[in-house]
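Asker: Sequence and predicted structure are below.
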Amino acid sequence: MIDKQAIKECEALIKSLNIQFDKALPIFQDKLWNIAEKYNTTGTELLKEYLEQESKK
């Protein structure tokens, strides 16, 4: 299970990237992986957990 704070940071990151997708993707990946590292997980797992939670809203 991913720490809820990591999910909140992921959500804030997504909301802060208000630029074109092709320009945002490298920034998003780098920052997402940094957040994941902080919580001893992977960027892939963090994104997966975030998307699963979003799909339940």
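Answerer: Okay, I see it. Residues are numbered from 1 along each chain as shown.
Asker: make it CA atoms for all contacts and neighbour counts henceforth
Answerer: Noted.
Asker: Give the helix, strand or coil label for the residue nearest the centre of the chain.
Answerer: By CA atoms, centre = their mean, the chain has its centre lying nearest to C10, at 3.4 Å. Here C10 is recorded as helix under DSSP: H, G, I helix; E, B strand; the rest coil.
Asker: mind listing what it touches?
Answerer: 32, 35, 46-47, 50 (CA atoms under 8 Å, 6 or more residues apart in numbering).
Asker: Flag every buried residue along the host helix or strand of P26.
Answerer: When elements are assigned from DSSP states H and E, P26 belongs to helix 21-38. Residues 28, 31-33, 35-36 are the ones in helix 21-38 that count as buried (16 or more other CA atoms under 10 Å).
Asker: re the thing from before, now the contacts of C10 as JSON lines including pLDDT?
Answerer: Formatted as JSON lines, the contacts of C10 follow (pLDDT from 0 to 100):
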{"residue": "L32", "pLDDT": "93"}
{"residue": "I35", "pLDDT": "95"}
{"residue": "L46", "pLDDT": "93"}
{"residue": "L47", "pLDDT": "91"}
{"residue": "Y50", "pLDDT": "90"}
